[in-house]
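**Student:** structure here, sequence nowhere to be found:
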């Protein structure tokens, strides 16, 4: 039977993928620093920055399919390259002795086209909508280094690969480094509790331009499809929900879900990091009042990441034609993706 090793299993992407694979009858092993316990899943605790510890943790593990959906944020891009490429290398080196791997799927993202955070949206960028045939930018980028590690190991060990480039991912996971849905849910909850205006924190370009996003469940379906479809082997793919929207429309939709009014956008950028810099004690009071599960706002909120995405000075739209031509036709309305994530956060007592 198919045996999946989900790397980064406790994150937004890994959690959604693990649920999908279990539901489809796969044997699933979940690797993370702290993988936790889930029905039908074998947890593997490992620190991928440590080659020896990774090798020891993977001894006797024989997956047919490996899904890599993890990274470790560093102080600059050169450190991102050093650390994150080593993590992929240690993982694939640790799996090599068993010789069981048939396919490795690597999740990166649209920074393939936009550049890393410290050079985000700067310089000469490819035209939108972004297409897979658009090459690498002439900048340091840890995504490229991760890809090269996979390509090298695939050539050496004889497995197939796929690369998946989502836009901003919508889903639920606590302690995640990039989590817009939970960030906006906490922000909206604070605005509702305090009467503060629910103010769009980003740029006029993002407010007015078309954009798209990726539901973690859509990405999970895409990962499953590419790893089991022969025509999709050894290919890189964009993966988004399939719709486009403007934040001028979406912001009011999100506000309405929380029962608040969206503040008019005046064109000024007021980042969430600045708006929420003193909100930790406010959140603690909200948690106490409603009996919520997580009093530490910083384990829920990644304002820096939402600010980076919502503050971009350029349009970001992604082409999905390559996947569609090969048969992946799944679609997910983005407003419903947000609403489903908010409902789950409420059901699990992370927001009031």
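**Tutor:** Received the coordinates, thanks. Remember, predicted model here, so these are calculated numbers, not experimental data. Numbers count the residues shown, from 1 in each chain.

**Student:** okay, now residue 265: neighbour count?
**Tutor:** 15 (other C-beta atoms under 10 Å). Just so you know, the C-beta spots here come from the backbone N, C-alpha and C atoms, and that holds for glycine as well.

**Student:** might one say that it is in contact with residue 200?
**Tutor:** Yes. Between residue 265 and residue 200 a contact is recorded at 5.0 Å, counting by C-beta atoms under 8 Å.

**Student:** identify the contacts common to those two.
**Tutor:** Common neighbours of residue 265 and residue 200 are listed as 207, 251 (criterion: C-beta atoms under 8 Å, 6 or more residues apart in numbering).

**Student:** for the host helix or strand of residue 237, name the packing helices and strands.
**Tutor:** If you go by DSSP states H and E, residue 237 is part of strand 235-239. Judged by 3 or more C-beta pairs under 8 Å, 6 or more residues apart in numbering; DSSP states H and E, strand 235-239 is in contact with strand 160-166, helix 216-228, helix 321-326.

**Student:** mind checking how far the helix or strand hosting residue 344 is from the chain centre?
**Tutor:** Using DSSP H and E, residue 344 sits in helix 334-347. Relative to its chain's centre, helix 334-347 lies at 16 Å (C-alpha atoms, centre = their mean, to the nearest Å).

**Student:** distance of the closest residue to residue 45 other than its chain neighbours relative to residue 304?
**Tutor:** Take residue 45 and drop its neighbours on the chain: the residue closest to it by C-beta to C-beta, 6 or more residues apart in numbering is residue 35, 5.9 Å away. Shown here: residue 35 relative to residue 304, a distance of 26 Å by C-beta to C-beta, to the nearest Å.

**Student:** same question, residue 321
**Tutor:** 32 Å.

**Student:** neighbour count winner among the two?
**Tutor:** Per other C-beta under 10 Å, whichever of residue 321 and residue 304 has more neighbours is residue 304, with 15 against 11.

**Student:** how is that one assigned, secondary-structure-wise?
**Tutor:** Look at residue 304: counting by DSSP: H, G, I helix; E, B strand; the rest coil, its state is helix.

**Student:** that one contacts residue 276, doesn't it?
**Tutor:** No. Contact criterion C-beta under 8 Å: residue 304 and residue 276 do not qualify, at 10.6 Å.

**Student:** overlap in contacts of the two?
**Tutor:** By C-beta under 8 Å, 6+ apart, no residue touches both residue 304 and residue 276.

**Student:** residue 58: what's its closest spatial neighbour, skipping adjacent residues?
**Tutor:** Computed as C-beta to C-beta, 6+ apart, the closest residue to residue 58 that is not its neighbour in sequence is residue 94, at 4.0 Å.
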